[in-house]
Structures are given as structure tokens and as C-alpha cells.
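> Using only what follows, build the 3D model:
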Amino acid sequence: MTYWSPPNPTGLGTSAFRALLAAEPLAAPITAQSASPSRATDPFPGLHCPEPVRIDEPLGEQVNNRVLGWAEALGFPPSVMTMLRVADFGRFAMLAHPDSDDVDRLFATASWTAALTVMDDYYCDDEALGAEPALLGSRLTLALAAIDRGQLVGGYQAQLDAAIAADPILAALQSSVEELSRFGTPAQLGRAILENDHFFIGTTGEMSWRVTGEMPPVWRYLAARQVNSFLPCITTTDLVTGYQLPAELYFEPRLRRATKLLGLTTVIVNDLYSMAKESAQDSPDGGLPLVVSAERGCSLAEAAAISVDIHNEVMAAFDDECRELTKIGSVELHFFLAGIRNWAAGSREWHRSSVRFRDADHRTE
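This next block holds a predicted model:
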């Protein structure tokens, strides 16, 4: 297995990152279609978020076809196949990882994102799809055994393996980790699994509010949402590009702060773009605008504007941390910072253009 450690950061988006650090205007997206309908109709144009540096629709389609073939082989029913086709996680991977055009690596992270999203829909978010609050803890425990293989003995191991293989959601989680392992070191995989453990804790915490009917204060919601974030997927940035950020740098306190801030921006983006669908449901599944509206006694539109301001404040704090972190003389670190910023840009583009957040027949995160 070969890992690429580039002598100079020259990938897509790196020039924009350098401009950011120099407090200059960001470079224009390299191949993005700046007049695309998703941008013209963006309900949150005031979000301080970078634009994607690559939009390569044929590449995204190629990766998504791999995702659909993989999901079909796992035995997902037509309803899940329709959701995956509409969600287009291949396009998500293409947008979020502009430094890679390796279909195999992009598929690996796309399958990981897809598996976690299906699990979140069916276990956590939507009771119409079978989510049952009372079962969430036990289901997530088994999901962890699929992701970070449970180690039993003899017949017990065989029973566990059989249960995972028989459930397409669990099988997808296990398979996606196997795909990541084709390209990642044990440290990179361990990092993704750790962030996923935090994600599972966050989902159970948010479920407790839904069960009790409690509306948390904004500060507590943000703390929980930071745990229940996209970090399990964001952290695959170096794996997809083909280099490795050293473990001692990933857990360096300043980078840890930057990474967690960036993760929080991405879930606020999710809350904003899913707001219209969530507020139209009989039992809305949380979301920062709803929490802000309850705390401040304001309209949902006013709460959305406040949520945009919160996002921008967090993104500005991330940018400030990046400026400090570039004083560390590590090319891999500089590449990683540019990479996770590109991830946020691609995620925002996917959210504002995806049918998943407009069509009531498809569920949001």
C-alpha cells in the first residue's frame, strides 16, 4: 500500500486556502458552474462558506453508479435504492474531495457516507421507516460491532457474523469500513471509528430530547450537534487524497479545535437546508432554527437568520485557527486543513442542490 506525501501542497483548493491565510479574496472555483440553479435559488446566500473548487458531474455519476451497484448487491429494498439514487452520495464524494479523481477511493468514502446515512434514517430519524426510540441503543450497539468488528469466540462469533450479514444496514456498515481499509492505515481507520463512536453517542442524546419532549437551550444543542456531526466522513479526507496526516497532529489540541469547529459548521448547514422539510412534518426532528425559535420566541425565518450568523461565527473561528495552525511546518497538515475546508464547501453545494432536501418523499439527515 502506497501513501502519497506531496512535496508541496498544489492540489485543487490549495490556492484558495493560501489566499484565505493571506486574507486575500478566495480564488474562483476551478470548474464549478458559478451560475448553477442551486446557487441562483440558494435560500441562505449569506452563509460564510467557501464555494466548491470542482464540479465534475460525470465523475460523480460514475461514483454513484458504484454506490448503487454495491447497495443492490447488499440486498437493500427498492425504497432504499430510490433514496440512494436521489441522494447521490457519489456526487457528494466528488464535491467534498476535489483533490482526488480516483473512483475507488471516492467510492470508499461515498459508501461510508451512504451506509451511515441509511442507518441514521432507519434507526434514528424516521419512525415511518422503522425508527423506534426504545430500540435505538441496542441497534447502535450492534452497528458498532459491524463497524469495529465485535470479537467473540466460537459459535457466538458465528452468530454475530450471521446477524450482520443478514441485515443490509449492518452489512453496509461493515462493507464500507472494509472499503476504507483498502486505502487507509490502522490509524486512519481508528480515527474514523472514534469519530463515529462520538456520532452514535450524539444520536442517542438527541433521541432523549425527542422522547421527553425537551427543547434544549441553544448552547446545549450546539454541544450535542458537534458530537453528532459529519466528522466520521470528514476525517477520511487524507485517506481519499492518498496521504496520511500523522496521528499526533490529528489529536493536537489546536487542530482538534479546528476540526470540531468545522464539523459543527457542516451540521448547521444540514439543519438550515433541511429546515423547510423538517418544519413541515408533524413531529419536526429538531434543527438549530427550531431550537433558536423556541429559545428566543421569534419566527422560524428570524431563527434561520440567527442560525446563519451562528454558522458564520463558527466558520470564522475555524479560519482563525487555520491561520495559527499553518505556523506548524507540516505539508500534510496544510493539505488536511485545505481538504476539510473543501469538504465543507462540497457539503454545502450538495445540500443546496440535492433533491433529498426538497422532495417530501425523501428523508433528510
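
> now the helices: where do they sit in the stretch 101-250 of the chain?
In the stretch 101-250 of the chain, the segments counted as helices under DSSP state H, counting those that start in this stretch are 103-119, 136-147, 154-166, 168-181, 186-212, 218-227, 231-234, 237-241, 247-250.

> which other helices and strands contact the following helix or strand past the last one?
Downstream of helix 247-250, the next assigned helix or strand under DSSP states H and E is helix 253-273. If you count contacts as 3 or more C-beta pairs under 8 Å, 6 or more residues apart in numbering; DSSP states H and E, helix 253-273 packs onto helix 218-227, helix 231-234, helix 247-250, helix 288-296, helix 300-325, helix 331-353. All C-beta spots, glycine's among them, are computed from the backbone N, C-alpha and C.

> Need the helices of the stretch 101-250 of the chain in JSON lines (columns: distance to residue 76, mean pLDDT and mean neighbour count).
Shown next, in JSON lines, are the helices of the stretch 101-250 of the chain (distance: least, C-beta to C-beta, whole Å; pLDDT from 0 to 100; neighbours: other C-beta atoms under 10 Å):
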{"stretch": "helix 103-119", "distance to residue 76": "8", "mean pLDDT": "97", "mean neighbour count": "24"}
{"stretch": "helix 136-147", "distance to residue 76": "15", "mean pLDDT": "93", "mean neighbour count": "18"}
{"stretch": "helix 154-166", "distance to residue 76": "13", "mean pLDDT": "97", "mean neighbour count": "13"}
{"stretch": "helix 168-181", "distance to residue 76": "5", "mean pLDDT": "98", "mean neighbour count": "21"}
{"stretch": "helix 186-212", "distance to residue 76": "20", "mean pLDDT": "92", "mean neighbour count": "17"}
{"stretch": "helix 218-227", "distance to residue 76": "28", "mean pLDDT": "96", "mean neighbour count": "18"}
{"stretch": "helix 231-234", "distance to residue 76": "19", "mean pLDDT": "97", "mean neighbour count": "24"}
{"stretch": "helix 237-241", "distance to residue 76": "24", "mean pLDDT": "98", "mean neighbour count": "26"}
{"stretch": "helix 247-250", "distance to residue 76": "33", "mean pLDDT": "94", "mean neighbour count": "15"}
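
> wait, which of those helices is closest to residue 348?
helix 231-234 (12.9 Å; C-beta to C-beta).

> List the contacts of the closest one.
Outside helix 231-234, the residues that touch it by C-beta atoms under 8 Å, 6 or more residues apart in numbering are 96, 109, 112-113, 116, 192, 195-196, 198-199, 259-260, 262-263, 266, 340, 343.

> Contact partners for residue 80?
71, 118, 168.

> 7 Å - rerun?
Residue 80 sits next to 71, 118 when contact means C-beta atoms under 7 Å, 6 or more residues apart in numbering.

> can you pull the pLDDT of it?
Residue 80 is assigned 93 on the pLDDT scale.

> Can you tell me the SS state at it?
Going by DSSP: H, G, I helix; E, B strand; the rest coil, the secondary structure assigned to residue 80 is helix.

> circling back to that earlier point, could you save the helices of the stretch 101-250 of the chain as a markdown table and add columns showing distance to residue 58?
Formatted as a markdown table, the helices of the stretch 101-250 of the chain follow (distance: least, C-beta to C-beta, whole Å):
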| stretch | distance to residue 58 |
| --- | --- |
| helix 103-119 | 11 |
| helix 136-147 | 31 |
| helix 154-166 | 34 |
| helix 168-181 | 21 |
| helix 186-212 | 28 |
| helix 218-227 | 34 |
| helix 231-234 | 22 |
| helix 237-241 | 18 |
| helix 247-250 | 33 |
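
> And those helices: which comes nearest residue 321?
Short answer: helix 247-250, nearest of those by C-beta to C-beta, at 13.5 Å.

> contacts for the closest one?
187, 191, 255, 330, 333.

> which of the residues you listed lies closest to residue 313?
Nearest to residue 313, judged by C-beta to C-beta, of those is residue 255 at 19.8 Å.

> How about the contacts made by that closest one?
The contact partners of residue 255, by C-beta under 7 Å, 6+ apart, come to 249, 325.

> Now do the same contact list for the residue nearest the centre of the chain.
In the chain, the C-alpha nearest the mean C-alpha coordinate belongs to residue 230, at 3.1 Å (C-alpha atoms, centre = their mean). The contact partners of residue 230, by C-beta under 7 Å, 6+ apart, come to 263, 266-267, 347.

> got CSV for those, with neighbour count and pLDDT too?
Below are those laid out as CSV (neighbours: other C-beta atoms under 10 Å; pLDDT from 0 to 100):
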residue, neighbour count, pLDDT
263, 29, 97
266, 25, 97
267, 23, 97
347, 25, 97
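
> farthest-separated two in those?
Pairwise distances across the contacts of residue 230 peak at 10.4 Å for 263 and 347 (criterion: C-beta to C-beta).

> hang on, the earlier thing: out of the helices and strands packed on helix 253-273, flag the one nearest residue 172.
If you check each of the helices and strands packed on helix 253-273 against residue 172 by C-beta to C-beta, helix 231-234 wins as the nearest, at 14.0 Å.

> Quick one: distance of the closest one to the chain centre.
How far helix 231-234 lies from its chain's middle: 5 Å, per C-alpha atoms, centre = their mean, to the nearest Å.

> before we move on, what about stretch 238-257?
Its chain's C-alpha centre and that of stretch 238-257 lie 17 Å apart, by C-alpha atoms, centre = their mean.

> go on, stretch 82-96?
Mean-position distance between stretch 82-96 and its chain equals 12 Å (C-alpha atoms, centre = their mean).

> swap in stretch 231-249?
14 Å.

> I'd like the contacts of helix 247-250 laid out as CSV, including distance to residue 271.
Below are those laid out as CSV (distance: C-beta to C-beta, whole Å):
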residue, distance to residue 271
187, 31
191, 25
255, 25
330, 33
333, 29
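
> I'm done for today, thanks for sticking with me.
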